[in-house]
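Trainee: show me how the following folds:
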Amino acid sequence: MTKASIGPLSRPTRVDRLVGARPATVTVEATPEECVALAEDFKIPAIRDLKGTFQLTGTLARLSVVGMVEAVVTQICTVTLEPFDAPLTSEVEVDYSDGAEFLGADPESVDVPDPIVNGRIDFGALTAEYLALGLDPFPRIPGAVFETVTVGEDESPFAVLKARPVNDD
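Mentor: Alright, predicted model coming up:
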């Protein structure tokens, strides 16, 4: 696996050492270079202060990860076409498993958790995923209102038929 196939934000973390009697915390803070690369991937002007904080509970058979992804993103307003900064907060709730419990189970009948691969979870990729999920697909500067503009009277495609006299022959 290459860095390009993983993505610009990668923090593979061994979770078998973190699982225990009390919850463990994993924090991911993206570097400015990683924020620039993610912004390019997501086709937005900028990302800054990207941070993911995750709590791990359970066992490797069923590991629960809950947390928060926070950042400041610069997006382009779909109304004014101006860039603007907006805070982004995404709640994270994902279950992971080493897969032993679900071997042979029908994936369509069981809620199969995400896999723990080689004892690791990539918390950087998880942070990037929930950042992407939290982006507004139609961002608007607060207070921006879309107003329809009409120039003259719009003709209906049937206006030509209305203007023609009806022939009763």
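Trainee: quick one: the strands in this protein, in order.
Mentor: Ranges of strands within the chain are 12-14, 24-29, 46-59, 62-76, 83-97, 114-115, 120-122, based on DSSP state E.
Trainee: with just CA atoms, put the fifth one into CSV.
Mentor: As requested, the backbone C-alpha atoms of strand 83-97 are provided in CSV (Å, rounded to 0.1, in the frame of the first residue of the first chain):
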residue,chain,number,x,y,z
PRO,A,83,-15.1,32.0,-0.3
PHE,A,84,-15.9,31.9,3.4
ASP,A,85,-14.7,30.2,6.5
ALA,A,86,-17.0,28.0,8.6
PRO,A,87,-16.4,25.7,11.6
LEU,A,88,-17.1,22.0,11.0
THR,A,89,-18.0,19.5,13.7
SER,A,90,-18.7,15.8,12.9
GLU,A,91,-19.7,13.2,15.5
VAL,A,92,-18.1,9.8,15.0
GLU,A,93,-19.5,6.5,16.0
VAL,A,94,-18.0,3.4,14.4
ASP,A,95,-17.7,-0.2,15.4
TYR,A,96,-14.6,-2.3,14.5
SER,A,97,-13.9,-6.0,14.8
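Trainee: parallel or antiparallel, which strands does it pair with?
Mentor: Within its sheet, strand 83-97 is paired with strand 62-76 (antiparallel), strand 114-115 (parallel), according to DSSP bridges.
Trainee: count the residues that sit near Ser10.
Mentor: Using other Cβ atoms under 10 Å, Ser10 is surrounded by 17 other residues. C-betas here are computed from N, CA, C, even on glycine.
Trainee: which residue is the nearest non-sequential neighbour of it?
Mentor: For Ser10, the nearest residue in space outside its immediate sequence neighbours is Gly124; the separation is 4.4 Å by Cβ to Cβ, 6 or more residues apart in numbering.
Trainee: can you name the residues that contact the one you found?
Mentor: Residues touching Gly124, when contacts are defined by Cβ atoms under 8 Å, 6 or more residues apart in numbering, comprise 7, 9-12, 28, 30, 34, 52.
Trainee: buried subset of these?
Mentor: 7, 9-12, 28, 30, 34, 52 (16 or more other Cβ atoms under 10 Å).
Trainee: circling back to that earlier point, would you reformat the strands paired with strand 83-97 as JSON lines and include mean pLDDT, mean neighbour count and distance to Glu40?
Mentor: Formatted as JSON lines, the entries for the strands paired with strand 83-97 read as follows, by pLDDT from 0 to 100; neighbours: other Cβ atoms under 10 Å; distance: least, Cβ to Cβ, whole Å:
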{"stretch": "strand 62-76", "mean pLDDT": "96", "mean neighbour count": "19", "distance to Glu40": "13"}
{"stretch": "strand 114-115", "mean pLDDT": "90", "mean neighbour count": "12", "distance to Glu40": "26"}
